[in-house]
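Asks: From the sequence below, what's the structure:
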Amino acid sequence: MSDPAVRRIVVGVDGSEGSVLALRWACREAGIRGVQVHAIHVREAPLHSPASYAVPVPDEVYGPDDTQMWKAVLPDFAPSGGVRTETAVGLVARILLDRCQGADMLVLGAASDVPDQAWSAGPVIRACLQRAPCPVVVISADLGGELGWEAGREAVQASTPASAPTGLPVGVGA
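Replies: Predicted coordinates:
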């Protein structure tokens, strides 16, 4: 569980281009705000339990080594508060929603399933947009190179906390 007294930006990272851009955006924003970045990689647990007589499956079967993933995605620069990394096992949306309690914002990356079309929010992004107790920023990886990075564009979608009144305009700061 995260320490709610520490000001932080929570960012979901899965190694995809969208999540790498989200992490970079979160680091830049954290540097401006003077807060810490809490980067979380969630590995989904298997949906069923193995039979009691089954041989345990090594962790490598369920995904790549997280150490290599973190080395590949962490930016060369970091905010003064640093980047705290965490790997958790469970349901992605549930873990992200738990970790963003008391956070300044939750940042997620998205990519379009269809080339040359705007992205559509997947189930994790939809759940976070609907239930997050803090503002949610979604960074799209496939809308152009306006940030001057390899690819990507800043937030296309943002939301207010679930407890806030709906219908209010939401701005995304650069």
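
Asks: Every contact and neighbour count from this point should use C-alpha atoms.
Replies: OK.

Asks: Ala72: helix or strand, and which one exactly?
Replies: When secondary structure is defined using DSSP states H and E, the element that contains Ala72 is helix 66-73.

Asks: That helix: what's the following helix or strand?
Replies: Using DSSP H and E, the next helix or strand after helix 66-73 towards the C-terminus is strand 83-89.

Asks: Pull up the pairing partners for that next one, direction included.
Replies: strand 36-43 (parallel) (DSSP bridges).

Asks: Point to the helix or strand of the chain where mean pLDDT is at its lowest.
Replies: For the chain, scoring each helix and strand by mean pLDDT, DSSP states H and E identifies strand 153-159 as the least confident one, at a mean of 42.

Asks: Show the residue spans covered by the strands in the protein.
Replies: Secondary structure of the chain (DSSP state E): strands at 8-12, 36-43, 83-89, 105-110, 136-140, 153-159.

Asks: Point out where this structure drops to low pLDDT.
Replies: Applying pLDDT under 70 to the chain picks out residues 1-5, 46-50, 54-65, 75-81, 112-120, 142-174.

Asks: still on that earlier bit, could you list the alpha-carbon positions for the helix holding Ala72 in CSV?
Replies: Only the C-alpha atoms of helix 66-73 are listed here, as CSV (Å, rounded to 0.1, in the frame of the first residue of the first chain):
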residue,chain,number,x,y,z
ASP,A,66,10.8,-7.2,-14.6
THR,A,67,14.4,-6.0,-13.9
GLN,A,68,15.1,-5.8,-17.7
MET,A,69,11.7,-4.2,-18.3
TRP,A,70,12.4,-1.4,-15.7
LYS,A,71,15.9,-0.8,-17.2
ALA,A,72,14.3,-0.4,-20.7
VAL,A,73,11.5,1.9,-19.7
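
Asks: quick one, that helix and strand 83-89 angle?
Replies: In this structure, helix 66-73 runs at an angle of 140 degrees to strand 83-89, with axes from the mean of the first three to the mean of the last three CA atoms, to 10 degrees as the basis.

Asks: Would you mind finding the longest helix in the protein?
Replies: Of all the segments of type helix in the chain, defined by DSSP state H, the longest one is helix 17-33.

Asks: Next, the angle strand 36-43 makes with that helix.
Replies: Between helix 17-33 and strand 36-43, the angle formed by their directions is 160 degrees, by the same axes, to 10 degrees.
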